[in-house]
Every structure is written in C-alpha cells, then in structure tokens.
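Asker: Here's my sequence, what's the structure:
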Amino acid sequence: MNKPDPLTVKQLRRWFPLRRRALKQDKTYEFALTLGGTVSAGAYTAGVLDFLFEALDLWQRAKDDNKDYAPRHNVVLSAMAGASGGAINGAISLRTSGWVYPHGPVKNNPFYDLWVDGVGISSLMSIADGTDDGLRSVFYTKAFETLADTLIAWKGASLGDDPASPKQRSYLADPLRLITTVGNVTGIPYEIRFRGATKLGHELVAHADVVRFTLTIPGGVPNIPRARPDERALSFSEGDSWQYVKAAALATSAFPIAFPARQVDQTFYSYAYHVVAVPGDGVDPPERAQLLPCWELMSADSDPPADGYRTVNVDGGTFNNEPLDHARVALAGLAGHNIRDGSKADRGVVLVDPFTDLESRDLFNAPGLLKMFGPMLSALINQGRYKPEDIALAKKYDSYSRFLVAPNRPIKDGPDINGKAALATGGMGGFLGFFNRAFLDHDFRLGRLNAYEFLTSEFVLPDTNPIFTGTWTETQVADYGHVETKPKMVEIPASAPEPEDDLTEDDAEECPDIASAHEAVPDPDADKPIRYLPIIPLMPPLRGNPPELAAWPKLKAMPDFKDVITSRLDILYQQLKREGQKQDKDKDGNVIKPWWPGMVGDLALGVAWRTVLRPIFRDLFMKNIRKGLVDQGLLAKDAP
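Answerer: Here you go, the predicted model:
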C-alpha cells in the first residue's frame, strides 16, 4: 500500500487554517450553501437554486454593463455541502456553472429536467430486474444512473451569448468546492492508544464520510485554501473526473432498502487528510490534529483500486443530513467562526432544507421487540445528525452568519403553510413526489417563489455594514432597502442561572465565567427601526415580479397502481429466489449452502406467494400511498 506521509506543519497551516482569512476582494460577502437531504423534495431545492443563480447572473451582467440600477458590492459563493438530493443539486450546480441555460419551469433547464421530468413511479417500478446478483433494493434505479450520465455529459450555451448571462461568473470562487456526504457502511478504522502495560488501544470505525470536489472557475475569485490532495479536481475541459461526481451522487442518494447501496472509490489522501482542531489549554491556542486511519486494516480489501480504498455507501443523510459543520469550516476554518454582528458580518452559511419539521416523538410506552426495531433505527440516525453547536448558535435572533430557506406556501385569505406540509412531495418521507409529476412541478415553482422572498427580505444586512459603503447610491438604497423593527428576543441561558446570593468567592474562582454567563446585557437596538439592504439585489425582470406558483395539485381520485406494483413485486420475488438458490463461499473459502427450499418447497412457496403474500404486500403498499396522499392534502379522504 502506498500510503501518504503525515502532513508537515507547513501543509497543515496551508490547507487547514484554524481561522480562514477573508477573500482578497473588497466589499464582499462570501457565502456557502448547505443543501439538506430531500428524496423527491429535491425538486424544491432545485427551484431555490435555479432562482438564486438566475438572480446572480442578472446582477453580474448588470454590473458588467454598468447599469445605474446595479449596486456595486460583491457576493461570492465559495462552497456547497450537501446530502442526498441536496448533494445532487450541488452536483447540478457544479456542472452548469460553466454554461448558460434557461431558468424557470421550462425544458432544457437541467434543474427542472432532472427533477421534474427525470424519474417517475413507472421507471422505479420497472419489471426489469437489472441484476443477476439477487435482491438489492425495492425500487429499480437504472433511471438514476441514466440521469447521472446525462448530467456529467451536459453542456449548455457559452457564457455571455445570452443578454441575461455574464461573460464570466465572477460571483463564484475558484475553485468552487462541493462536499458530498455519504453513509460509509464499510467504515474507516481508527485507533485511540492509551498508556499502559498492554500497549493496547481502543479501536473505532467511522461511518459518516464525505467525498470532496473542487471545480476550476475561469474568472472566479481565488479561493482560500486552493485545491487539496484529498479533493477530486474537476474542470469543464476534462471529462473523466466527472465520473467520480456520478458515483458520489448515486451513493449519497442511496436511500437504504429503497435504493441499492453504491460503491465509491477514494484515494488514500481522502482519509489521510482528515484534520480536526483540538482545544487549547486556556493559554495555548487550538492545535491541528491529523487523524490517520489504521492503514493495515484498510489494506484487507481483496480488490482495491490503485492507491485507494473502495467502500460501500448508503444515503448521505443517514449520518449527516444537514452538513452545516462542513460549510461552516469551509468558510471560517477549523476553529474559527463567522462574524454574527450584522454591522460587521462578511460571511455566512445559507441552509436550503425542505424538511425542517421536528422529528415525531410518539414512543412513550415500551413496545415489544418487533415494534422497537423501527424507533431504535430512527433514534440512531437522528442522534448521528444531532449537532449541539448548531442548536446553540441558532438561538440568536441577530446572527447574520446563517440563513435558512424552507418551504412556505402562501394561502389566499388564510395563514401561510410552512414546512413539509407546504410541499406536494413532502409525504411518505419525501417519496410522494415520484408518484405524480405535478407534485414535483409544484414544489420546483414553490422553491423559486421562496427564493424570491428570501433574497428580497431575508438575506439582508443592516445598511451600516461596510460592504455597502461607497457601493450603493441613495437611489438604490431607496429602491431596494426596507425598514424593520428589531423585536426583543428572549435568550435561552446556557445553563440555569443561580441566584446572585448563592455565588461565593470560591464559586467565582472555580468558575471564573459564572457571573458574566448570566449577566443581563440590554440590547440598545431593540424596538428601534433598522434599514436593511439585500445581499443579492434582484435586477429586472426579477425585481417586483415574484415567480408564479402552481395551483395545489389535488387529485380527484386515487391512482390505480395495482398492476405496476404487482409486476414489481413479482420481480422482487424472483430476485429473492435467485439469491436464495445461489451457492456462495465465506471469507475462509467454506461453501455456504443455499437457503431457498427445494423443489417441493419452492412450488408450495410459489403458490403461497401468488395467492396470499403478494396480495397482502400489494394492498399494504396501496394503503400507504393513499394514506400519504390524504395526509398531505393531495387526496380527499372519501375520494374513490
């Protein structure tokens, strides 16, 4: 094995800054995108990104043409971190960043084509079994592979050919980063060594993994740091490396059981360059620590790629569904933080997440063994996604280093609907969109509308921020700005405050921050009007023209999926049978006998399948689809 050498101090400082420097461009707000896991609700995220890039293109072109209505400050997108469908949208963003394409719910828009017209229930329920290896997944996913091939080979028109596009996308960093989370089932082995006579250590296996890419952007703002050896380098002129984007996209969206697990080949650098910040001792600053895996255990793979490691992966959202941590580190560094004060903020993370709803908590009585399996699996996944530092930062109202775009459907003569209830694709854990194209179309349009609202009134900074000084005219401030009264917010204390009478000198000496931790500091800006300016101002024809939202796609009757479900179930039965009849060997070469019953048992099982088991599974599937449609408000409860 040709394993990489440990990093030198110079390399650690160069590639893994504790506190990342700002980009070398004045009057700039830098941001990173975090794209949450979605399943079919990725159509919503696609709509958000489609509108975002349309707005950035129009603004950049207006600045290039010296239009008097275009403010002159700068915005730079330097990184994207995504899971599952969010990561797929990140891959689309990467691939389309070098060309021009039409925006909106129209043909030849890659965001629209791949999500709305890409995969439907007919392709997922195909009667083709696709493999001779036995049962791999419930759905047939050849369509996903075809879409991935289409994406990595896609090319549009040249930049600048269209009056709505700039000649160079100067709002992108060079290189532009994409961090894709995957659920690495194979795992990466580590060891914690302890002092002691045995010289033994504690072995651990990590499963929350990422695949990293950097794309060269002609005319982009130089990124810090430049591309690292653990990042796959991409360019628009070299096509072979995009195959790794395809592999990562298929792996990060491999929803367990529903979709097949996927193999990903990474170089050893991908695992040698895992670096974390270790807190200092109060006097010394934090230190960088390189986490090196147990190389000897990784070499056990019988068919490894050259200078690399092959892993089997499932959905990236299994362990990290909203990779805010990766986006934050990409902006601020290993131990840094982005300024949260609106009058000084120059960097921030924008989270686009269709599913911000609280996870259900309905288990209050201990169930039996079989009924405990599902809740236990959900608990393990949810705990893997839990990040206390993000919760702690989210409680600050006046934080201008993190923003959220989430579903909000306006209702005429009624309150808005928020969260997954606003999505037509939100039912059945996000799978509902695959059952009707109109659901995907609706959510794509909703994403564009929400992006319009976000850029107009939410992605803003106080007009006192220095990026606006000298870059905005009085007319532009009057046209784009809006005034809000900052409300008084109740801060949740970090721990329960103690009465001052209970604090002694010994307490103060033992915990020197105990008094200041609960000190009530008045907010001088509370209840005062503040003028805000948009970080990304909307140019004509977007300004003042919100995207049109499609009508809620409510069905008149329950679609009849019985035949297609029956055909797919038969294929699954045949795959399971073939798997059970296969003679295999274990790792020691011993023959493993087939577990499928013999000829008589096979005949009896076939009769039971056709007359009893298949109808039960089919009806259960139909029942769940109907419940999903009804619960999401897409089908009346008494509909035929």
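Asker: Could you pull out the strands in the stretch 51-200 of the chain for me?
Answerer: Under the criterion DSSP state E, counting those that start in this stretch, the stretch 51-200 of the chain contains strands at 74-82, 172-193.
Asker: between those strands, which gets nearest to Glu231?
Answerer: Taking Cβ to Cβ, strand 172-193 is the member of the strands of the stretch 51-200 of the chain nearest to Glu231, at 7.3 Å. In short, each C-beta sits where N, CA and C put it, glycine included.
Asker: Note down every partner strand of that closest one and its orientation.
Answerer: strand 74-82 (parallel), strand 201-215 (antiparallel), strand 221-222 (parallel), strand 308-314 (antiparallel) (DSSP bridges).
Asker: And the helices in the stretch 51-200 of the chain?
Answerer: For the stretch 51-200 of the chain, the helices defined by DSSP state H, counting those that start in this stretch occupy 85-96, 110-116, 121-124, 142-153.
Asker: Tell me which of those helices is the most buried.
Answerer: Of all those, helix 85-96 carries the top mean neighbour count, a mean of 27, counting by mean count of other Cβ atoms under 10 Å.
Asker: Now do it: distance to the chain's middle.
Answerer: Remark: helix 85-96 is offset 10 Å from the chain centroid, using Cα atoms, centre = their mean, to the nearest Å.
Asker: by how many degrees do it and strand 201-215 diverge?
Answerer: Using axes from the mean of the first three to the mean of the last three Cα atoms, to 10 degrees, the inter-axis angle of helix 85-96 relative to strand 201-215 is 40 degrees.
Asker: what packs against helix 85-96?
Answerer: Counting contacts by 3 or more Cβ pairs under 8 Å, 6 or more residues apart in numbering; DSSP states H and E, helix 85-96 packs against strand 28-35, helix 42-64, strand 74-82, helix 110-116, helix 142-153, strand 172-193, helix 242-252.
Asker: CA atoms only: put the fifth one into PDB for me.
Answerer: Which is helix 142-153. Provided in PDB are the C-alpha atoms of helix 142-153 (Å, rounded to 0.1, in the frame of the first residue of the first chain):
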ATOM      1  CA  LYS A 142     -31.500   2.400 -13.700                       C
ATOM      2  CA  ALA A 143     -33.200   5.800 -14.400                       C
ATOM      3  CA  PHE A 144     -31.000   7.400 -11.700                       C
ATOM      4  CA  GLU A 145     -27.800   6.100 -13.500                       C
ATOM      5  CA  THR A 146     -29.100   7.400 -16.800                       C
ATOM      6  CA  LEU A 147     -29.800  10.800 -15.300                       C
ATOM      7  CA  ALA A 148     -26.300  10.900 -13.700                       C
ATOM      8  CA  ASP A 149     -24.800  10.100 -17.100                       C
ATOM      9  CA  THR A 150     -26.800  12.900 -18.700                       C
ATOM     10  CA  LEU A 151     -25.700  15.400 -16.100                       C
ATOM     11  CA  ILE A 152     -22.000  14.800 -16.200                       C
ATOM     12  CA  ALA A 153     -22.100  15.000 -20.000                       C
END
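Asker: Contacts for it, please.
Answerer: With Cβ atoms under 8 Å, 6 or more residues apart in numbering as the test, helix 142-153 has contacts from 91-92, 95, 110, 114, 118-119, 123-124, 126, 128, 130, 239, 242-243, 245-246, 249-250, 253, 259.
Asker: run the last query once more with 6 Å
Answerer: Outside helix 142-153, the residues that touch it by Cβ atoms under 6 Å, 6 or more residues apart in numbering are 95, 114, 118-119, 123, 130, 242, 245-246, 249-250.
Asker: And the third one, by the same measure?
Answerer: Applying Cβ under 6 Å, 6+ apart, the contact partners of strand 74-82 are 23, 25, 27-30, 32-35, 90, 171-173, 177-179, 221, 223, 323, 326-327, 330, 535-536.
Asker: Model confidence score at the closest residue in space to Thr216 that isn't next to it in sequence, please.
Answerer: In this structure, Thr216 finds its nearest non-sequential neighbour in Ser235, 4.6 Å apart by Cβ to Cβ, 6 or more residues apart in numbering. Ser235 carries a pLDDT value of 92.
Asker: Go ahead and confirm Ser235 touches Leu215.
Answerer: No - checked against Cβ atoms under 6 Å, the pair Ser235 and Leu215 is beyond contact range at 7.1 Å.
Asker: So for these two, which residue has more residues nearby?
Answerer: Applying other Cβ atoms under 10 Å to Ser235 and Leu215 shows that Leu215 carries more neighbours, namely 27 against 15.
Asker: That one against Leu176, yeah?
Answerer: Yes - counting by Cβ under 6 Å, Leu215 touches Leu176, with 4.7 Å between them.
Asker: ok, how many other residues are close to the residue nearest to Lys556 when sequence neighbours are not counted?
Answerer: Leaving aside its sequence neighbours, Lys556 sits nearest to Ala639 (Cβ to Cβ, 6+ apart; 6.8 Å). By the measure other Cβ under 10 Å, the count of residues near Ala639 is 14.
Asker: Then Tyr480?
Answerer: Residues within reach of Tyr480, counting by other Cβ under 10 Å, total 19.
Asker: Also Met539?
Answerer: Other residues within reach of Met539, judged by other Cβ under 10 Å, total 22.
Asker: quick one: it and Val48, what's the gap?
Answerer: 18 Å (Cβ to Cβ, to the nearest Å).
Asker: Check Asn89 too.
Answerer: Remark: distance between Asn89 and Val48 (Cβ to Cβ) = 9 Å.
Asker: And Gln581, by the same measure?
Answerer: Distance from Gln581 to Val48, counting by Cβ to Cβ: 48 Å.
Asker: Also Ser78?
Answerer: Taken as Cβ to Cβ, the span from Ser78 to Val48 is 18 Å.
Asker: Give me the outermost residue of this structure relative to its centroid.
Answerer: Val600 (49.9 Å; Cα atoms, centre = their mean).
Asker: is it fair to say it lies in a helix?
Answerer: Yes - checked against DSSP: H, G, I helix; E, B strand; the rest coil, Val600 lies within a helix.
Asker: Spit out the contact partners of Phe454.
Answerer: Going by Cβ under 6 Å, 6+ apart, Phe454 touches Val405.
Asker: pretty sure it is in a helix, no?
Answerer: Yes - counting by three-state DSSP, Phe454 falls inside a helix.
Asker: do you know how far it is from Asp346?
Answerer: Distance from Phe454 to Asp346, by Cβ to Cβ: 19 Å.
Asker: How about Pro540?
Answerer: Going from Pro540 to Asp346 by Cβ to Cβ gives 28 Å.
Asker: neighbour count winner among Gln581 and Val48?
Answerer: Comparing Gln581 with Val48 by other Cβ under 10 Å, the one with more neighbours is Val48, at 30 against 13.
Asker: And the pLDDT at the more buried one?
Answerer: On pLDDT, Val48 comes in at 98.
Asker: before we move on, what about Lys387?
Answerer: So Lys387 comes in at 57 (pLDDT).
Asker: quick one: the strands in the stretch 351-500 of the chain?
Answerer: 402-405, 408-409, 417-418, 460-462, 482-485.
Asker: Out of those, which one sits most buried?
Answerer: Here the criterion is mean neighbour count by mean count of other Cβ under 10 Å, and of the strands of the stretch 351-500 of the chain the winner is strand 460-462, at a mean of 22.
Asker: distance between it and the chain's centre?
Answerer: The gap between the average C-alpha position of strand 460-462 and the chain average comes to 25 Å, counting by Cα atoms, centre = their mean.
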